[in-house]
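Enquirer: Build the 3D model from these lines:
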Amino acid sequence: MGKRVPEAMSERILITGGGGFLGLPLYDRLREMGNAVLSVSRHSGVDVGDWNHISSVERCDVVYHLAAVTGGEAALARPREAYRTNIMGTLNLLEYCRIQKVRRLVFASTYVYGQPRYLPVDEDHPVNPGNLYAQSKAIGEILCRRYCEDFGVSVVVLRIFNPYGPGQQGNFLIPTVLNQLQHQGKVLLRDPAPRRDFIFVQDVVDAFVKAGCYTGSEFAIFNVASGKSYSVAEVVEKIRYIHGRPFEVVYAGPSRPFEIADCVGGVARSRLGLGWEAAIDMDRGLRQTLEAWQW
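Expert: Numbering: from 1, shown residues only. Prediction:
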């Protein structure tokens, strides 16, 4: 499945979206490993959708492209910005890699499988994005493959399932539950049944590091998943147990249109090709998340 190099990179590394939920801990980890890391984001005045911004960035050995308008609801609310950032931003980073002869681009993808035809969902599962955000990621993957085949840009695509952990905000399940619990004392959700494969943030960071060290094929795709799924109700009950105090939970419906009942990521290729697998189970990850929450 490919060769790996030791995880002591000591290189110049660029992270786009370095101020985000995944970007911040990745930045810290890469710095701890002795790398010179440049983190860019809108907050630092760099717009990945603007070629003039990207073309002026000094050469780096490895690029981690995390910058995106994330989440289905955010993309639907700002479709033009989502397509510009998620597609043109990816194109600009690929062009930067081509011109600067970057050793490896690691592209953060997600949600491209759509409704699973079988479980677990491996990397050979058909791609069928079910919303605007997922489609923008699928197009980004197509651009990555094209630049690899036409120009020799080496790319690792990481298809990240449902990351969670300290620092996560927004409309994702776990911060939604914790926010409601903190401010309302009870939890109001739609549907207890949908199941997802949750992956702890530090496990995702580990996968990023190994992808940056990957020396196998010029173009590779790996799932970043735990290989297990939990229902909304199961996650809430785990939070209730860790929280240690009773709280009311109301499932008011309706289910979201085209809701995916279950999604579990296949992890065999990641284990063999990257030498990576999830190390932190759901109970431990949730406990760390609650301990870090600003109650």
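
Enquirer: what's the burial count for Ile242?
Expert: 14 (other Cβ atoms under 10 Å). To be clear about C-beta, it is placed using only N, CA and C from the backbone, and glycine gets the same treatment.

Enquirer: Just to check, it is in contact with Arg287?
Expert: Yes. Using Cβ atoms under 8 Å, Ile242 is in contact with Arg287, at 5.3 Å.

Enquirer: for Phe172, phi and psi?
Expert: phi -80, psi 160 (degrees, to the nearest 10).

Enquirer: contacting residues for it?
Expert: Contacts for Phe172 (Cβ atoms under 8 Å, 6 or more residues apart in numbering) come out as Gly71, Asn162, Tyr164.

Enquirer: isn't the second one right up against Arg195?
Expert: No. Contact criterion Cβ under 8 Å: Asn162 and Arg195 do not qualify, at 10.2 Å.

Enquirer: mind checking how far Tyr164 is from Pro257?
Expert: 24 Å (Cβ to Cβ, to the nearest Å).

Enquirer: Just want to know which of the two has more residues nearby.
Expert: Neighbour count, other Cβ under 10 Å: between Tyr164 and Pro257, Tyr164 has more, with 22 against 6.

Enquirer: From Ile199, how far out is that one?
Expert: 7 Å.

Enquirer: same thing with Lys228?
Expert: With Cβ to Cβ as the criterion, Lys228 and Ile199 are 10 Å apart.

Enquirer: is it true that Arg195 touches Asp262?
Expert: Yes. In this structure, Arg195 is within contact of Asp262 by Cβ under 8 Å, at 4.2 Å.

Enquirer: any common contacting residues for these two?
Expert: In contact with both Arg195 and Asp262: Ser229, using Cβ under 8 Å, 6+ apart.

Enquirer: between those two, who's got more neighbours?
Expert: Arg195 (19 against 15).

Enquirer: what are the bridge partners for the more buried one, then?
Expert: Ser231 (DSSP bridges).

Enquirer: and Tyr164, what does it touch?
Expert: Phe172, Leu173, Ile174, Phe198, Ile199, Phe200, Val201, Gly285, Leu286, Thr289.

Enquirer: and the fourth one, how many neighbours does it have?
Expert: By the other Cβ under 10 Å criterion, the neighbourhood of Phe198 contains 24 residues.

Enquirer: so what's it up against?
Expert: Per Cβ under 8 Å, 6+ apart, neighbours of Phe198: Phe161, Asn162, Pro163, Tyr164, Ile174, Ser226, Tyr230, Val235, Met282, Gly285.

Enquirer: any idea which element Leu94 lies in?
Expert: helix 89-100 (DSSP states H and E).

Enquirer: List of residues touching that helix?
Expert: Against helix 89-100 from outside (Cβ under 8 Å, 6+ apart): 16, 48-51, 54-55, 57, 59-60, 63, 65, 67-68, 102, 105, 107, 139-140, 143-144, 147, 151, 153.
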